Structure formats: structure tokens, C-alpha cells
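In: For reference, the sequence and a predicted model appear below.
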Amino acid sequence: MIRGRLLVTIGASLVLAAAAQADDKARDKDSEKEPLAVVELGGAAERGLPGDSSFGPSAAVEFTVVREWLEVEAGVAPMLSHGSTDWETGFVLKKPFKLSDKVEFMIGAGPQWTFTREGTKVGGTLAADFMIWPTADRRFGWFVQPAYGYSFSSGHEQTLGVTAGLLIAIQ
């Protein structure tokens, strides 16, 4: 059931973002080449405020919806802590800022769902995303994304986390 929801969320995001990007490309053929999507693969670490730490792998896909104004990221991370695994999923809307030809900064917010043995927790996340593209063709790069999470579920848990890893542009 959880996997079904996750697949539906990611699938819907892929379809909507691909349609929006196709429309954007059709209107602006002279623009520099934007990738269809950027895949983010890496590791995540998180600390409760107060609370325990958890770690795990992460995977996300990011699309440009409106060039230089809106990017959408959908991701998942199984967070491992004290013999249990919590599955975190998120959907973040981000505003990009080009700092240089090789560095981008994005700030964003969005909903977050955490699937635990006790049930599903709904919350929100604020994220800052630094993307570094070391080559001119922007096919591979790396990212660092610090984030703050707040749970709207009972207990109102708060977390600070960071995700870092490899960027792969899909042309």
C-alpha cells in the first residue's frame, strides 16, 4: 500500500513535469539545453530536535517546470535507526538561483510523509539545495541539501538533516 502511494506520487510527478517541460521547450527553442530530469542519488542523515539520529540512502528526481522560476523534486529515503526503518518521501517545490555557470542554489518547501511501524506521519520540509556542475556539459555533478522537517502529526517532531550525493542529468 505504501509502495503503491509512493509509485503513484512519483509517477504523477513525472508525467506532469514532463508535460510542463515539453511545453516550455516548445515555446523557447533558442534557450540553452535543459535536461529532461536530474536524478539525485546519495546519502541522507537526520537528527531529531531533540532526538535520535538516523541515516540511509536517498534517491530523488527533479524537473524544471518553469525555467528559472520553479523546479519540482520528488524523493524517497529509507532512514535507518535502532533496528528500524522509516521510509521518508517528499515533494518539494523549489525556486532556482544561478550563482555561476557551475553552481546553482535552490530554496524550497513542500509536504513530507514518513511511513513507520506506528503509522504514517504527515509533515512539511524546508530545504536549501546547492548543485555543483564541474563540467560545461552538465551531465554529472554533485549536490548538498540541508533541510528542516516539521511533523503535523501528534508529537510535532522536528528534524534537521542533510542529503548529499551525485547528480545525473537525463537529456
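Out: Cool, got the structure.
In: who does the residue positioned nearest the centre of the chain bridge with?
Out: Note on the chain: the residue nearest the mean C-alpha position is E73, at 4.2 Å, using Cα atoms, centre = their mean. E73 has these beta-bridge partners by DSSP bridges: E62, V92.
In: mind listing what it touches?
Out: By Cβ atoms under 8 Å, 6 or more residues apart in numbering, E73 lies in contact with E40, A60, V61, E62, F63, G90, F91, V92, K94, G108, G110, D129. For every residue, glycine as well, the C-beta is placed using N, CA and C.
In: 6 Å instead?
Out: Taking Cβ atoms under 6 Å, 6 or more residues apart in numbering as the criterion, E73 is in contact with A60, E62, V92.
In: Turn those residues into a markdown table, including pLDDT, neighbour count and distance to G141.
Out: A markdown table is the format used below for these (pLDDT from 0 to 100; neighbours: other Cβ atoms under 10 Å; distance: Cβ to Cβ, whole Å):
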| residue | pLDDT | neighbour count | distance to G141 |
| --- | --- | --- | --- |
| A60 | 98 | 24 | 14 |
| E62 | 97 | 25 | 12 |
| V92 | 97 | 25 | 18 |
